[in-house]
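Q: What follows is a protein structure lacking sequence information:
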DNA sequence: TGAGGCGGCGATGTATACAAAATCGGCCAG
DNA sequence: CTGGCCGATTTTGTATACATCGCCGCCTCA
């Protein structure tokens, strides 16, 4: 594997996993010595992180790990609403029923999964992947992919408890049911409901201060509004 | 300005302006000699182009300029529907009426602009920028920005005729009216209508073969579905 | 004592040399 | 004649040396 890929994955994992906290300076030389590769692949890795929105240039301090604020979380879910609702609706129209029937089965047995957070999240990831594929809307999916990075980062903070996980499983099941049934409207609305509840839960956890320390380290990030050209 | 920026802008402009046709190989050495900078900034520029979706790695031929197919155009508008509808709705809720009243005025006088395509597109760009800002939804806007690159590229092909431009001005006016009035529903639906008609016009031009030669050069591009990690 | 400028220092940006990988062409064998 | 393998060549990937830019601290002068 290429060194730049390894550097990218390592840094990305550290940022998403809150080992590199928001505000940490990402100096090229420092990272290159730490990760044992030269500056060239590090530069490429850092470019990709900036493109992902996981790092951002800061006035005088060079490149720093970007922060997340309560406001950011709300804004993120706003975008997610728009994209996932549409994706779910399209999937309901265009899906292969067999694929989603299988996922439906798995979800019905999901209560057995809830003790294994990893297995459950993996199932959700497969549902997302199936929905993405079924939507046949690559540009929507590409936009969503950019968002999911940040969502994972938030999820690692929020640490859904078991009861939330159980509720989420039910919500997901309704979405999959709708897709299997080819019910576009229901798929969209069920997705809306799911995201609404998910956001509520996340915000509640945030405001309860369960991870106030980490948000405190986060500067409200400035999502770049200016065009690339 | 940085050499990598110049290289990026130059290449981007050439691709969007159809000077570098789809399928053209973007060799690092070739471009570095042509643009008069070393390979390092060229590599950075090419990375950004790939991130933009304007270039893509091809099996054995290295990096090539990505193509656009009729299918791509439809998919692109599908994503645009989801994003712009939501942005317009949010803008209608959160806008500063004064800003959009001014744009409303300008649009009403737009019939005088229609002979100057550049001035008209500039006005549309300012409307987009105002809507983006008013939506207060940076992640949605960021996703839209990625799409707009491709839209410009398509627009340079389709070359709206004067009558389409006049119709579009009317559609834009309705959207701005809705935003000024704070009518969320109307803003969303008017946007939907506008994008629908815009797509119809583009597809009609494409199928009429007005730029079949350029689409022919385009391989239906594969928007990367696989995750970055 | 404060403000401004000057110099050094550390950072990023660029060029280039070197290494590795992958493809294409040709050649040989079946 | 066809298929596969091997090697030459081109291309990308990496390391490193060099240039340039901006910040910070100190010193000097008003």
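A: Arrived safely, thanks for sending. Note that the structure is a prediction, hence the values are computed from the model and not measured.

Q: Quick one: distance of the host helix or strand of residue A:142 to the chain centre.
A: Using DSSP states H and E, residue A:142 falls within helix A:138-158. In this view, helix A:138-158 has its centroid 3 Å away from the chain centroid, taken as C-alpha atoms, centre = their mean, to the nearest Å.

Q: Kindly report the same for stretch A:4-23.
A: 15 Å.

Q: Could you do stretch A:165-173 as well?
A: Computed by C-alpha atoms, centre = their mean, the chain-centroid distance of stretch A:165-173 equals 17 Å.

Q: still on that earlier bit, the helix or strand following the helix holding residue A:142 - contacts with which helices or strands?
A: Sequence order places helix A:162-181 as the next helix or strand after helix A:138-158, per DSSP H and E. Judged by 3 or more C-beta pairs under 8 Å, 6 or more residues apart in numbering or on different chains; DSSP states H and E, helix A:162-181 is in contact with helix A:70-94, helix A:97-108, helix A:117-135, helix A:184-207. In short, each C-beta sits where N, CA and C put it, glycine included.

Q: And the first one, what does it pack against?
A: Using 3+ C-beta pairs under 8 Å, 6+ apart as the contact definition, the elements that helix A:70-94 packs against are helix A:117-135, helix A:138-158, helix A:162-181, helix A:184-207, helix B:70-94, helix B:138-158.

Q: Now do the third one and helix A:70-94, the angle between them.
A: Relative orientation of helix A:162-181 and helix A:70-94, computed by axes from the mean of the first three to the mean of the last three C-alpha atoms, to 10 degrees: 30 degrees.

Q: Tell me what angle helix A:162-181 forms with helix A:117-135.
A: Using the same axes, to 10 degrees: helix A:162-181 against helix A:117-135 is 20 degrees.

Q: cool, the longest one as well?
A: Relative orientation of helix B:70-94 with respect to helix A:117-135: 110 degrees, computed using the same axes, to 10 degrees.

Q: for the fourth one, same thing?
A: Between the direction of helix A:184-207 and that of helix A:117-135, the angle (the same axes, to 10 degrees) works out to 140 degrees.

Q: if we can go back for a sec, wait, which of the helices and strands packed on helix A:70-94 is closest to DNA strand D?
A: Smallest distance to DNA strand D across those (C-beta to the nearest atom of the strand): 20.8 Å, for helix A:138-158.

Q: between the closest one and helix A:117-135, how big is the angle?
A: 160 degrees.

Q: could you check whether helix A:138-158 is close to chain B?
A: Yes. Judged by C-beta under 8 Å from any C-beta of the partner chain, helix A:138-158 and chain B are in contact via A:138-143, A:145-150.

Q: Which of the residues you listed ranks first by neighbour count?
A: Most neighbours among the residues of helix A:138-158 next to chain B, by other C-beta atoms under 10 Å in any protein chain shown: residue A:140, with 28 neighbours.

Q: Let me know whether it touches residue B:81 as I believe.
A: No. In terms of C-beta atoms under 8 Å, residue A:140 does not count as a neighbour of residue B:81; the distance is 9.3 Å.

Q: what is in contact with these two at once?
A: residue A:86 (C-beta atoms under 8 Å, 6 or more residues apart in numbering or on different chains).

Q: show me what contacts residue A:17?
A: Contacts of residue A:17 by C-beta under 8 Å, 6+ apart are residue A:156.

Q: Just send the helices and strands packed on helix A:162-181 back as JSON lines, with distance to DNA strand D, mean neighbour count and mean pLDDT too.
A: Shown next, in JSON lines, are the helices and strands packed on helix A:162-181 (distance: least, C-beta to the nearest atom of the strand, whole Å; neighbours: other C-beta atoms under 10 Å in any protein chain shown; pLDDT from 0 to 100):
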{"stretch": "helix A:70-94", "distance to DNA strand D": "26", "mean neighbour count": "22", "mean pLDDT": "97"}
{"stretch": "helix A:97-108", "distance to DNA strand D": "34", "mean neighbour count": "16", "mean pLDDT": "95"}
{"stretch": "helix A:117-135", "distance to DNA strand D": "26", "mean neighbour count": "17", "mean pLDDT": "94"}
{"stretch": "helix A:184-207", "distance to DNA strand D": "32", "mean neighbour count": "18", "mean pLDDT": "95"}
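
Q: Switch those over to TSV; also include distance to residue A:157.
A: Shown next, in TSV, are the helices and strands packed on helix A:162-181 (distance: least, C-beta to C-beta, whole Å):
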stretch	distance to residue A:157
helix A:70-94	9
helix A:97-108	25
helix A:117-135	14
helix A:184-207	8
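
Q: Quick check: residues of chain A near DNA strand C?
A: Residues of chain A found near DNA strand C (C-beta under 7 Å from any atom of the strand) are A:26-30, A:39-40, A:43, A:62-63.

Q: Appreciated, that's everything.
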